[in-house]
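Asker: okay, here's the prediction I keep looking at, along with the sequence it came from:
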Amino acid sequence: MKFDNRIIWIIIASVGLYGVFLFFTDFDIISKQISNFKYEFLPLILITVSISWIPLLIRWHLLLQKNNICIPIKKSFLLFLAGMSMVITPGHVGELIKSQLMKTLYAIPRTKTAPIIFIEKFYDLTGAIIASIIGIIILGMDLNLIFISVAILFGIIFLIYYRPIFELILKKITKTKFFSKYSENISDSFEIVRNSTTPKISSISFVLSISYWIIISLAVHLILISFEIDSISILRTISIYSSSVIIGAVSFIPGGMGVTEGSLIGLF
């Protein structure tokens, strides 16, 4: 399995983008702020980020088991980490490397595993939307944001459960060169998606997804505190951070670069 050179270019572009950002901003002020960072918070921040992966790992393993894909928990964890290494790709499509690895290592058809990765993204997005809505309601922020979030949420659910639309979109996607190898049997893919979104598994997955957003937002909150920014509540941090990531994700720019950060700065 070849490592796509485009991934390397995306990483180089990421470094270049942030380099340009530093060049056109006041480097002295940024350097001073970084020098004021309280490094005693660093271990706690790293631990919190690592803990945030646990709900996602549990969700990933549950989705595999729900679809009768039996992989030892250790191997499942390694596959999960392989996917996490590709989150910088546009729309996180690089996480499909997990599907290719399972085909290579365990001869599991891609049509059985690729839809599970798609459903992971569905739960990620819906978890972020729900976490954002909770924060908006509690903080009494602009109610229009709730209406937009709910509309997006229902739109996603409709696309998943209405089979004709789902299959039409899937056919369009699998016509592209990158996704063509995942199109062996569209009907099987739809059944995997439906099996992964039953009321019971959805309830568990939503709880795990929201748990992830709460924990990772706590890490962001700790970063703010380490820069002596203590005027923003944890609830507001959850709402702002999850909303920024949603905006970055729907932009389909690699890793949401620039869009996520710009949204985060604007909302803060």
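Answerer: Nice, I can see it.

Asker: okay, now the unreliable bits of the stretch 151-268 of the chain?
Answerer: 160-188, 249-259 (pLDDT under 70).

Asker: swap in the stretch 1-150 of the chain?
Answerer: 1-30, 88-94, 139-146, 149.

Asker: change it to 90
Answerer: 1-39, 70-101, 103-150 (pLDDT under 90).

Asker: hey, where'd the helices end up in it?
Answerer: Ranges of helices in the stretch 1-150 of the chain, per DSSP state H, counting those that start in this stretch, are 5-24, 27-35, 42-66, 73-84, 97-106, 110-139, 143-161.

Asker: can I get the ones you listed in TSV including distance to S209 and mean neighbour count?
Answerer: For glycine as for every other residue, the C-beta is placed from the backbone atoms N, C-alpha and C. Conversion of the helices of the stretch 1-150 of the chain to TSV gives the following (distance: least, Cβ to Cβ, whole Å; neighbours: other Cβ atoms under 10 Å):
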stretch	distance to S209	mean neighbour count
helix 5-24	25	12
helix 27-35	32	10
helix 42-66	7	17
helix 73-84	14	15
helix 97-106	18	18
helix 110-139	3	21
helix 143-161	12	13
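
Asker: S189 is nearest to which of the ones you listed?
Answerer: Closest to S189 of those is helix 110-139 (Cβ to Cβ; 4.6 Å).

Asker: and the host helix or strand of G248, which residues are buried?
Answerer: Element membership of G248, judged by DSSP states H and E, is helix 234-250. Residues of helix 234-250 classed as buried: 235-249 (neighbour count, 16 or more other Cβ atoms under 10 Å).

Asker: for E120, state which of these is nearest.
Answerer: A249 (12.6 Å).

Asker: by how many degrees do the helix holding G248 and helix 110-139 diverge?
Answerer: 140 degrees (axes from the mean of the first three to the mean of the last three Cα atoms, to 10 degrees).

Asker: tell me who's in contact with L222.
Answerer: Shown in contact with L222 (Cβ atoms under 8 Å, 6 or more residues apart in numbering): 41, 44-45, 48.

Asker: just want the angle from the host helix or strand of it to helix 42-66.
Answerer: Counting by DSSP H and E, the element that carries L222 is helix 199-226. On the basis of the same axes, to 10 degrees, helix 199-226 is oriented at 170 degrees to helix 42-66.

Asker: now helix 199-226: buried residues?
Answerer: Those would be 201-202, 204-205, 208-224, 226, for helix 199-226 by 16+ other Cβ under 10 Å.

Asker: and the spatially closest residue to E120 that is not a sequence neighbour, how close does it get to I117?
Answerer: With Cβ to Cβ, 6 or more residues apart in numbering as the criterion, E120 has its nearest non-adjacent residue at 6.6 Å, and that residue is W60. Using Cβ to Cβ, to the nearest Å, one gets 9 Å for the distance from W60 to I117.

Asker: again, but for L235
Answerer: 31 Å.

Asker: do T237 as well
Answerer: Using Cβ to Cβ, T237 is found at 28 Å from I117.

Asker: on that earlier part again, nearest to I148, of the contacts of L222?
Answerer: Taking Cβ to Cβ as the measure, I148 sits nearest to T48 out of the contacts of L222, at 29.1 Å.
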